[in-house]
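Student: whatever this is, show me its structure:
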Amino acid sequence: MSVDTKERSGQGIGKRLLIGFSLVAVIVLALVVLMPESQEGNYGIISVIPAVFLLIYIFWTKRILESLILATVLGLVIVHQGGFFSAFMDSLLGVGMEEDTVWLFVVCGLMGSIIALIEVSGGAHAFGTWVSKRAKTRKSTLMWTWLLGVVIFIDDYLNSLTVGSCMAPVTDKHKVSREFLSYIVDSTAAPACVIVPITTWAVFAGGLLEINGWAPDGEGLSYFIKTIPFNFYGWIALIIVPLVILGVIPIFGPMKKAEKRAQETGVLAPEGSEKIDISSGIEDVKITGNARIINFFLPIIVLLVATIATGTDMMMGVVITLAFMALLYIPQKLMSAEVFSNEAVRGFKNMLYPLFLMYLAFMFADMNTQIGFTRFMIETGTPLMSPKTLPLILFILLAIQQFITGTNWGMYIIALPIVIPLAMNVGANMPLSIGAVLSAGVFGSHICFYSDATVLTSAACGCDNFRHAMTQMPFGLLAAGISAVAFGIAGFVF
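Tutor: Below you'll find the model as predicted:
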């Protein structure tokens with residue numbers, strides 16, 4: 001793209017942003033004047049306004065960061081009227097003080113450190129050479145990417161960050177667009193986690209099944225296992241990937257243009273990808289010593305084993321792994337203690353932009369909780385529900401809600417206390433109904449523009465997250481359509 005074209009593009013985006021800010025200011029003033037003083041948490045159809053604005057603004061400006069801020073402010077105006085600014089500051093501080101947010105920053109930041117250290121040690125280079133000897137064609141390389149994602153099933157964060165960062169240099173040799181790589185990585189993250197009973201998703205969901213009265217105490221995991229056959233979206237999204245790689249399902253939509261660009265021009269990443277790429281700056285780092293495959297595999301193995309051994313505690317897993325890497329790399333004289341520390345910090349810093357996006361997404365989710373968006377979606381579909389139609393309606397409504405809010409586990413916390421007694425009251429199949437809720441969560445994690453999985457996958461693969469979401473969406477919607485049919489049929493059969 002020429003300098004003039006970039007300038008015109010920047011001016012166009014700036015103009016759209018200015019118009020958007022002005023529009024929000026007008027809406028905010030109107031809502032402050034016209035909204036009743038209190039709605040007692042029941043906003044009805046009004047609760048949809050921030051979500052609709054968010055989607056329209058994202059597609060119009062292609063700017064996710066500003067869209068999240070403006071949509072959050074809009075929702076807080078509806079809830080708090082003239083006190084929206086104080087409410088925004090409360091949300092800003094409240095989200096930051098939550099244990100889950102601190103956990104996210106520590107775990108994902110240190111995962112960035114682990115990835116940077118593996119790269120500098122030469123482990124990633126050795127892994128690329130090792131894979132290249134076994135995967136000599138484009139299709140076999142992509143199948144290796146998919147298989148590696150299936151194997152690293154413990155957690156979707158661990159999956160996306162590890163597989164994306166390790167396979168990007170390998171797939172680059174075959175001119176695979178970063179959009180296509182991101183799709184493969186993202187489709188083996190959350191989808192795999194929800195159909196394997198020894199993942200962080202399984203532990204979390206099992207606990208919620210106990211808390212909300214379906215599973216007896218201590219049996220949450222065994223009850224989660226009952227839902228696995230009915231987690232249709234997870235299964236279908238996972239299976240579609242190799243079918244696309246092998247050409248059984250042709251590449252279509254925006255992904256086709258991305259692949260054409262990569263093949264014909266050699267431009268693998270879409271414009272603007274450098275700001276989110278966690279490998280940014282690695283080209284300036286000198287890799288010392290011999291590139292040994294053991295320096296790649298041992299940290300990954302320790303990370304997996306430590307995470308499982310500590311009860312799928314990712315924080316313990318990454319801390320133990322970093323300590324192990326220091327004992328592994330420094331005695332080999334691959335780097336000094338000072339270089340080890342510097343590279344760990346560089347890796348953490350490279351995670352800050354994606355983490356900030358996720359922080360804003362959490363604030364948007366917090367606003368949606370205050371405005372009652374999830375409850376409104378479920379209540380809207382309740383009159384249409386029967387024992388046979390409940391799973392299908394739950395999947396559709398919660399999938400839409402998840403696509404808009406991107407809360408993933410947050411949706412489970414809100415929805416399951418409503419869905420479990422509802423399913424019991426109407427006499428619906430419980431494993432099937434819970435499977436519909438879990439599948440909707442995976443869909444949101446997989447497709448939402450600003451969900452944690454989308455942002456982290458984009459960061460690991462070095463792909464602009466808007467382009468990743470846009471190119472992946474047709475395949476996610478294909479999986480969702482097939483899943484909806486499956487839930488519709490299963491509702492009558494079971």
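Student: so how far is the host helix or strand of L398 off the chain centroid?
Tutor: For L398, the element it lies in under DSSP states H and E is helix 390-405. Put simply, helix 390-405 sits 17 Å off its chain's centre (C-alpha atoms, centre = their mean, to the nearest Å).
Student: tell me the secondary structure at I249.
Tutor: Following DSSP: H, G, I helix; E, B strand; the rest coil, the label given to I249 is coil.
Student: summarise which helices and strands the helix holding L398 is packed against.
Tutor: Judged by 3 or more C-beta pairs under 8 Å, 6 or more residues apart in numbering; DSSP states H and E, the packing partners of helix 390-405 are helix 49-61, helix 352-371, helix 373-381, helix 409-426, helix 430-447, helix 465-493. No exception for glycine: its C-beta is placed from N, CA and C like everyone else's.
Student: which of the ones you listed sits closest to A237?
Tutor: helix 465-493 (4.2 Å; C-beta to C-beta).
Student: for the closest residue in space to N465 that isn't next to it in sequence, what are its contacts?
Tutor: Spatially, and ignoring its direct neighbours in sequence, N465 is nearest to S458 (3.8 Å; C-beta to C-beta, 6 or more residues apart in numbering). Contact partners of S458, counting by C-beta atoms under 8 Å, 6 or more residues apart in numbering, are 182, 273, 276, 354, 464-465, 468.
Student: just how off-centre is stretch 315-335 within its chain?
Tutor: On C-alpha atoms, centre = their mean, the centre of stretch 315-335 falls 27 Å from that of its chain.
Student: quick one: residues in contact with it.
Tutor: Identification of contacts with stretch 315-335 by C-beta under 8 Å, 6+ apart yields 103, 106-107, 110-111, 113-114, 117-118, 120-122, 158, 288-289, 295, 298-299, 302-304, 306-307, 310, 336-337, 340, 343-344.
Student: which of these fall within strands?
Tutor: For the contacts of stretch 315-335, not one is inside strands, with DSSP state E as the criterion.
Student: now, of those residues, which are buried?
Tutor: Burial by neighbour count, 16 or more other C-beta atoms under 10 Å: within the contacts of stretch 315-335 this picks out 107, 110-111, 113-114, 117-118, 120-122, 158, 295, 298-299, 302-304, 306-307, 340, 343-344.
Student: which residues sit in contact with G410?
Tutor: G410 sits next to 365, 369 when contact means C-beta under 8 Å, 6+ apart.
Student: where's A51 relative to I78, distance?
Tutor: 12 Å (C-beta to C-beta, to the nearest Å).
Student: same question for L334.
Tutor: For L334 relative to I78 (C-beta to C-beta), the value is 55 Å.
Student: ok, now Q401?
Tutor: Taking C-beta to C-beta as the measure, Q401 and I78 are separated by 17 Å.
Student: now do the buried residues in stretch 100-109.
Tutor: So for stretch 100-109, counting by 16+ other C-beta under 10 Å, buried means 101, 104-105, 107-109.
Student: all helices of the stretch 1-150 of the chain, in order?
Tutor: With DSSP state H, counting those that start in this stretch as the criterion, the stretch 1-150 of the chain has helices at 3-34, 49-61, 64-80, 84-97, 99-121, 123-134, 138-151.
Student: out of those helices, the one nearest L360 is which?
Tutor: L360 lies closest, by C-beta to C-beta, to one member of those: helix 64-80, at 4.1 Å.
Student: low-confidence bits of this protein, can you list those?
Tutor: The chain contains residues with pLDDT under 70 at 1-42, 280-290.
Student: and the closest residue to F494 other than its chain neighbours, what are its phi and psi?
Tutor: Excluding the flanking residues, the one nearest F494 by C-beta to C-beta, 6+ apart is N429, at 4.5 Å. In terms of degrees, to the nearest 10, the main-chain angles of N429 are phi -70, psi 120.
Student: before we move on, what about I154?
Tutor: The phi/psi pair for I154 (degrees, to the nearest 10) reads phi -60, psi -40.
Student: can you tell me which residues contact it?
Tutor: I154 touches 193, 198-200, 304, 307-308, 312, counting by C-beta under 8 Å, 6+ apart.
Student: return the set of buried residues in whichever strand or helix holds L209.
Tutor: Per DSSP H and E, L209 falls inside helix 200-211. For helix 200-211, burial by neighbour count (16+ other C-beta under 10 Å) applies to 200-206, 208-210.
Student: dump the residues you listed to TSV, plus distance to W146.
Tutor: Shown next, in TSV, are the buried residues of helix 200-211 (distance: C-beta to C-beta, whole Å):
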residue	distance to W146
T200	21
W201	19
A202	21
V203	25
F204	25
A205	24
G206	27
L208	29
L209	30
E210	33
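Student: how close does the residue nearest to F494 sit to V339?
Tutor: 57 Å.
Student: kindly report the same for K257.
Tutor: K257 is 41 Å from V339, by C-beta to C-beta.
Student: neighbour-wise, which of the two wins?
Tutor: V339 (17 against 13; other C-beta atoms under 10 Å).
Student: for the more buried one, which residues are in contact?
Tutor: V120.
Student: again, but for the one 5 residues further on
Tutor: With contacts taken as C-beta under 8 Å, 6+ apart, A344 has the following neighbours: 110, 113, 116-117, 322.
Student: let's have the residues you listed in JSON lines, adding distance to H446.
Tutor: Formatted as JSON lines, the contacts of A344 follow (distance: C-beta to C-beta, whole Å):
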{"residue": "L110", "distance to H446": "24"}
{"residue": "S113", "distance to H446": "26"}
{"residue": "A116", "distance to H446": "27"}
{"residue": "L117", "distance to H446": "29"}
{"residue": "L322", "distance to H446": "29"}
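Student: quick check, nearest of the residues you listed to E264?
Tutor: For the contacts of A344, the closest approach to E264 (C-beta to C-beta) belongs to A116, at 32.3 Å.
Student: what is the burial count for the spatially closest residue to the closest one that is not a sequence neighbour?
Tutor: Nearest non-adjacent residue to A116, counting by C-beta to C-beta, 6+ apart: G347, 2.9 Å away. For G347, the neighbour count with other C-beta under 10 Å is 26.
Student: helix/strand/coil for G347?
Tutor: Going by three-state DSSP: G347 is helix.
Student: Q401 and I78: which has the busier surroundings?
Tutor: Comparing Q401 with I78 by other C-beta under 10 Å, the one with more neighbours is Q401, at 25 against 22.
Student: I'm done for today, thanks for sticking with me.
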